[in-house]
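**Student:** pasted the sequence and its predicted model underneath.
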Amino acid sequence: MSTQIVVPPMGESVSEATVAKWLKKVGDAVKMDEPLVELETDKVTLEVNATTTGVISEIKATEGATVGVGAVLGMIQAGSAAVSAPTASASTSATKPAPVAANAPAPAAQPAVMPAARKQAEDRGINPYAIPGSGKDGRVMKEDVLNYAGKPATTPAAPARAAQPSGPRSNADREERVKMTRLRQRIAERLKEAQNTAAMLTTFNEVDMGNIMALRAQHKDAFEKKNGVKLGFMSFFVKACIQALKELPAVNAEIDGEDLVYKNYYD
């Protein structure tokens with residue numbers, strides 16, 4: 001006997017959702033009330049639980065699909081007999097990650113994963129923290145995930161750009177597009193509405209320039225002798241901005257339709 005996995009009612013004003021993530025795959029054993037799939041609306045993220053014990057026999061709505069209330073997400077082949085065998089393997093597989101749990105403090109030292117890299121890793125079912133990063137301080141970039149997954153590296157394009165130093169550089173090879181979730185889209189809409197209707201203020205922050213001034217005083221004579229121009233403060237400001245954008249790329253990102261575009265123009 002098969003049981004349908006359906007989209008439950010999600011509130012009076014919510015009629016559809018996006019399939020954010022399947023927690024089970026076809027052939028996995030499930031128990032009653034066990035979470036099967038995460039749905040995301042423009043207000044909340046919710047889990048759909050199993051209404052019976054059995055095995056996932058079919059997935060009808062893949063991740064990223066838009067579904068309405070009552071839509072069929074998948075099927076469960078009910079029956080405790082079907083679950084008895086897989087349960088043992090599931091329990092043994094569940095015990096395998098235990099040694100990793102012993103190294104729980106390790107994530108604190110793990111390098112940062114860029115948003116576009118995380119999205120690529122999730123789409124391919126890869127643990128992004130297991131990928132060697134080539135970015136600043138070992139950050140995992142989108143290219144690292146593509147290379148790790150066996151796709152052709154995008155870096156060969158660099159020699160082509162070096163062969164045409166006088167021509168303008170294309171923005172496409174420096175931008176990363178990440179599709180926003182439904183919830184993030186709604187947050188962006190609300191923030192834009194607030195910007196259009198609320199009074200915007202400017203804040204000022206004081207910065208201790210002591211170390212910068214000392215560094216400039218130390219190198220200004222050698223710099224002027226070598227380059228023929230004086231060493232100003234703008235170079236330090238630009239360097240600080242570039243470093244900040246590498247650590248927080250969302251600061252210089254923009255929203256284009258349903259995509260969040262990260263601009264790596266400093267490369």
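**Tutor:** Happy to help now that I have it.
**Student:** for this protein, identify the residue most remote from the centre.
**Tutor:** Seen from the C-alpha centroid of the chain, the residue lying at the greatest distance (CA atoms, centre = their mean) is Lys225, 46.7 Å away.
**Student:** which helix or strand contains it?
**Tutor:** Following DSSP states H and E, the helix or strand that holds Lys225 is helix 210-227.
**Student:** show me the helices in the chain, by range?
**Tutor:** Using DSSP state H, the helices of the chain run over 80-95, 98-102, 115-124, 142-148, 157-163, 182-197, 210-227, 234-247.
**Student:** shaky segments in the protein?
**Tutor:** Of all residues in the chain, those with pLDDT under 70 make up the ranges 79-111, 136-137, 151-173, 267.
**Student:** closest to the centroid, which residue in it?
**Tutor:** A centroid search over the chain (CA atoms, centre = their mean) returns Pro115, at 3.4 Å, as the residue closest to the centre.
**Student:** look up the closest residue to that residue, ignoring the ones flanking it.
**Tutor:** Of all residues beyond its chain neighbours, the one nearest Pro115 is Val178 (5.3 Å), with distances taken as CB to CB, 6 or more residues apart in numbering. (Glycine included, C-beta is placed from N, CA and C.)
**Student:** is that neighbour in contact with Asp259, as I believe?
**Tutor:** Yes - using CB atoms under 8 Å, Val178 is in contact with Asp259, at 6.6 Å.
**Student:** who's more crowded, the two?
**Tutor:** Remark: of Val178 and Asp259, Val178 carries more neighbours, 19 against 15, as counted by other CB atoms under 10 Å.
**Student:** please name the bridge partners of the more buried one.
**Tutor:** Per DSSP bridges, residues listed as beta-bridge partners of Val178: Leu260.
**Student:** so what's it up against?
**Tutor:** When contacts are counted by CB atoms under 8 Å, 6 or more residues apart in numbering, Val178 touches Pro115, Ala116, Lys119, Asp259, Leu260, Tyr262.
**Student:** quick one: the residue nearest to the centre of the chain from Asn264, how far?
**Tutor:** With the distance defined as CB to CB, to the nearest Å, Pro115 ends up 12 Å from Asn264.
**Student:** identify the contacts common to the two.
**Tutor:** With CB under 8 Å, 6+ apart as the test, Pro115 and Asn264 both reach Glu176, Pro249.
**Student:** output the contacting helices and strands for the helix holding Lys225.
**Tutor:** Counting contacts by 3 or more CB pairs under 8 Å, 6 or more residues apart in numbering; DSSP states H and E, helix 210-227 is packed against helix 234-247.
**Student:** show me what counts as buried in stretch 33-45.
**Tutor:** Within stretch 33-45, the residues that count as buried by 16 or more other CB atoms under 10 Å are Leu36, Val37, Glu38, Leu39, Glu40, Thr41, Asp42.
**Student:** from these, which is closest to Lys21?
**Tutor:** In terms of CB to CB, no member of the buried residues of stretch 33-45 lies closer to Lys21 than Glu38, at 4.6 Å.
**Student:** beta partners for the closest one?
**Tutor:** Lys21, Glu47.
**Student:** wait, it sits on Leu46?
**Tutor:** Yes - applying CB under 8 Å as the test, Glu38 and Leu46 come out as touching, 7.3 Å apart.
**Student:** what's the overlap in contacts for these two?
**Tutor:** Overlap of the contact sets of Glu38 and Leu46 (by CB under 8 Å, 6+ apart) is empty.
**Student:** what residues sit buried inside stretch 182-200?
**Tutor:** Burial within stretch 182-200, assessed by neighbour count using 16+ other CB under 10 Å, is assigned to Arg182, Leu183, Arg184, Gln185.
**Student:** over to stretch 65-84?
**Tutor:** By neighbour count on 16+ other CB under 10 Å, the buried set for stretch 65-84 is Val67, Ala71, Leu73, Gly74, Met75, Ile76, Gln77, Ala78, Ala82, Val83.
**Student:** am I right that the fourth one is in contact with Glu58?
**Tutor:** So that's Gly74. Yes - judged on CB under 8 Å, Gly74 makes contact with Glu58 at a distance of 5.5 Å.
**Student:** how much space between Met213 and Ala20?
**Tutor:** Met213 is 50 Å from Ala20, by CB to CB.
**Student:** all set now, cheers.
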